[in-house]
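Asks: give me a model of this one.
(2 chains)
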Amino acid sequence: MKGKVCRKDVTIMDDLLIARSLFGTTMAFHIIFATIGVGLPLMILIAELMYQKTKDLEYVVMAKRWTKAFAVLLGVGIPTGTIAGVQLSLLWPGFMEVIGRVMPLPFQIEIYAFFVEALFMSIYVYAAERIAPWMRIASLILVALGALASAVLITNVHAFQGTPAGFRYENGQFVDIDPWAAFFNPSFFVTATHVALSAYVTGAFIVASVAAFKMLRNEYGSRIYHFHQKALMISLVVGGIASFLTATNGHTAAQYLHQYQPEKLAAAEGLFETQSHAPLAIGGFTDRETETVKWGIEIPWALSFLAGNSFDTVVVGLNDFPEEWWPPLFVHTLFNAMVLIGSLLIFIAIAGLAWKKFLKKDRFPKWFLWILVTSGPLAIIAIESGWILACSGRQPWVIYRFLSTAQAATTATDLGILFILFAGVYVILGTAVVLVLLYFFRKNTVMDDIDRAEKKNVPLFSTNS
Amino acid sequence: MTDALIAITVLWGFVFIYAVMATMDFGAGFWSMIYINREKTKATNIANRYLSPTWEVTNTFIVALVVAVYSLFPTAAYTLGTILLIPGSMILLLLALRSAFLVFSNIASEYRKPLTYISGVTGIIIPGLLISVLPITHGEYLNYETGNAQLDLQQVFTSPNVYTFIVFGISSTLFLSSLLLADYSKVSNEMEAYKVYLRDAKIAGPISLIMAFCIMLTLQREALWLYNKMMEDLPLLWVSVVFFLLGGVGLFAPSFFEKGVRGMPRLAVIAVTVQYLIASYVYGKAHLPYIVYPSVTIDSAFTDPNSFRAVFITYIVGFAILFPGFIYFWSLFMHDKRYLQQKNPQEGAR
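Replies: Presented below is the predicted three-dimensional model:
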């Protein structure tokens, strides 16, 4: 297995490309729901806690409405997650054979996290009116923890793919298998933290987007305007903190690449020649022919400093690696998209909070609200860019320097039809979920829910029409 | 007991638990569709009241099952992953449509009917496809021309044995789910719905038993090795039939416990579950040591001992932690009269 890279056989490459496209499409679609599914429960929990603190019923209404949205999104997130989990075995049997033998713990433990989330989500939604308030909060905390744990554990498998540990492979045999050493592989904490924090960023800014949009559509000073403004402030606080932490953690993540996967960092930065005092290229496109980043801005010495905290840090360039080990060069663009959006979101949050808290102005200008409306979709684009960077940047390996993606792939051919079928189902589900959400929230307005909340003995959580 | 045998027992336990939960889940979805126009009987409400809080938990079991296969028997995961690409993908596609539209149907109340039809129809096909994995592991439809096991789909779809399994899977789904819903409606004090589901169980039960016999007949022609080994436990198979008959008593006889009520659904549910437990034990035992006949056995596919130990410990710790959660869940949705006997059934359905 070791050191052998994909055969350049045309038909095999075609099948491999389809297999990767199919799995990539599944992940790209699932990740939207999975990320919001981690981020939103935290927002719901904060709304519930705000209610306990202020006794302002509008926070309960917020929690109820976000919970409904969460439940609808789970309707797509759970089955696509199931698809992802099973498709791993169907498309990459060679990979799952190794994972099953060496790295079974994250998937295994994730099941328990799943169960916790599923059990207490049902309890929180369908038994909300029958259980004590503290039990409702406890259920919600368990939902949020279960969602977080699933994300962390799945990311752990991804971390292992980049920094495999806990086994040796000798003469065609796995020896010295230590599943816990594999579990605590070098990049586990930094990668998992990145995914968890960025999920909170996304959850918060999705809420910010909706709230800002509703503030544009409702008259300033109306009760609905204020309701959405409250939601916006929560999301700016959460989103601001989480995006700042994501950025600092992202810096550590890049240093891990420098240490453990230098060719990935080189491709992300479009660096061909190994050098100290390496420049940081921002923007632009990596050009294979001239071995430069075209139309980018170069900051001298900055890459060396980022990679190793000193300007004379030697950063390895792509030319030090055989070309068949190079990740695709477009990852530079994805890397930039992720970092730029991440930085932008920090500024948006700070600007919004400063406007409200320090300048004490109650009303946001329209153009700023429109920027806020784009923040949620931007966060999703950043998440997608990050995941494509992380997974394409590992190519041609499925497990770094150990198992190539080509070797792990199924031997079955004619995957094209499956690709069309799955893509078709994702289009159907993606369209339907948007329509259902629009339908539901149009039919159940904020005022409806506020009325329900203010009347005693009228169930709020289990209502919907 | 060797480690591999312990592992396959755990796996078999998951298969059985998932099989029972999935039949109830997919069956309830199907009945909810069938009775959607007969609002008076409340049969649809009962099905939804069961389904709404449980489907996510049931879905988790199928993931648990797949994870158990690759973490306990990684080599088998390789072969199964390869041969099940097409049937597995079909199941996944249907499952995605089914789960999503189940949720949508509960949210978009004006479009409830068309959405329920999509989830009901896709849902009832899934158990048929799921159970077809079993005859595929019997090895008759595999060829090894390329060195790896490949599934010959044409042989699968022309095999009487596969079709009997599929029909058995679907009829068992209807049988077990109508039994459970009969019990659930009785606890919920919805006697109209109770009568409906009791009648459905009386129809689906005998069909399932006949299909079980058909499976044995076709098995004899297509996988003699398995048939012969199953027949070694013939007495147990008869015990299983006795439990089926006991289930029949639970359906037809007047209740010992309540005057004027026909049927003891709780007895029937338990007896029939025991029936399936015994029969699947006989099947599973005869299947050993093969996971996929004849190329993959539990010993050849077994994982590394260190990994097994680690995984096994997480099973014990994980389920010890989860157990109170399951009990609490059960008490809230299967046992709490406030949930079961709601004044306004619409609320529970959502």
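
Asks: count of residues packed around B:Pro206?
Replies: 13 (other Cβ atoms under 10 Å in any protein chain shown). The C-beta positions use only the backbone N, C-alpha and C, and glycine is treated the same way.

Asks: what strand or helix carries it?
Replies: helix B:191-222 (DSSP states H and E).

Asks: buried set for the next helix-or-strand element following that helix?
Replies: Per DSSP H and E, helix B:191-222 leads on to helix B:224-231 as the next helix or strand towards the C-terminus. Neighbour-count burial for helix B:224-231, counted by 16 or more other Cβ atoms under 10 Å in any protein chain shown, picks out B:226-227, B:229-230.

Asks: show me how far the helix holding B:Pro206 is from its chain's centre.
Replies: 14 Å (Cα atoms, centre = their mean, to the nearest Å).

Asks: what helices and strands are in contact with that helix?
Replies: Using 3 or more Cβ pairs under 8 Å, 6 or more residues apart in numbering or on different chains; DSSP states H and E, the elements in contact with helix B:191-222 are helix B:43-72, helix B:160-187, helix B:224-231, helix B:234-252, helix B:265-287.

Asks: B:Leu209 is nearest to which of the ones you listed?
Replies: Across these, B:Leu209 has its closest neighbour in helix B:234-252 (5.9 Å, Cβ to Cβ).

Asks: tell me the pLDDT of the closest residue to A:Pro300 other than its chain neighbours.
Replies: Spatially, and ignoring its direct neighbours in sequence, A:Pro300 is nearest to A:Pro279 (5.0 Å; Cβ to Cβ, 6 or more residues apart in numbering or on different chains). pLDDT recorded at A:Pro279 is 86.

Asks: wait, A:Pro279 touches A:Leu306, no?
Replies: No: A:Pro279 lies out of contact with A:Leu306 (Cβ atoms under 8 Å); the separation is 10.8 Å.

Asks: got the buried residues of helix B:224-231 as TSV, with pLDDT columns?
Replies: Output for those, formatted as TSV (pLDDT from 0 to 100):
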residue	pLDDT
B:Leu226	90
B:Tyr227	91
B:Lys229	90
B:Met230	91
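
Asks: most widely separated two among the residues you listed?
Replies: B:Tyr227 and B:Lys229 (7.5 Å).

Asks: common neighbours of the two, please.
Replies: Overlap of the contact sets of B:Tyr227 and B:Lys229 (by Cβ atoms under 8 Å, 6 or more residues apart in numbering or on different chains) is empty.

Asks: and the residue nearest to B:Ser71 when sequence neighbours are not counted, what's its pLDDT?
Replies: The shortest distance from B:Ser71 to any non-neighbouring residue, by Cβ to Cβ, 6+ apart, is to A:Pro104 (3.2 Å). pLDDT, A:Pro104: 91.

Asks: B:Ala76 too?
Replies: So B:Ala76 comes in at 90 (pLDDT).

Asks: count the neighbours of it for me.
Replies: Neighbour count of B:Ala76, defined by other Cβ under 10 Å: 27.

Asks: surely it meets B:Ser295?
Replies: No: applying Cβ under 8 Å as the test, B:Ala76 and B:Ser295 come out as separate, 9.6 Å apart.

Asks: the residue of the stretch 151-300 of chain B found nearest chain A: how many residues sit nearby?
Replies: Residue nearest to chain A within the stretch 151-300 of chain B: B:Leu151 (8.7 Å; Cβ to the nearest Cβ). By the criterion of other Cβ under 10 Å, B:Leu151 has 18 neighbours.

Asks: equivalent analysis for A:Ile381, please.
Replies: Neighbour count of A:Ile381, defined by other Cβ under 10 Å: 15.

Asks: contact partners for it?
Replies: A:337, A:341.

Asks: and the next helix or strand past the lengthiest helix in chain A?
Replies: Secondary structure of chain A per DSSP state H: the longest helix is helix A:10-54. Per DSSP H and E, the first helix or strand lying C-terminal to helix A:10-54 is helix A:57-91.

Asks: now that following helix: buried residues?
Replies: A:58-91.

Asks: stretch A:328-346 now?
Replies: A:329, A:331-339, A:341-342, A:344-346.

Asks: what of stretch B:143-150?
Replies: So stretch B:143-150, judged by 16+ other Cβ under 10 Å, has buried residues B:148-150.

Asks: what sits up against that stretch?
Replies: For stretch B:143-150, the external contacting residues (Cβ under 8 Å, 6+ apart) are A:411-412, B:79, B:82-83, B:142, B:152, B:292, B:295.
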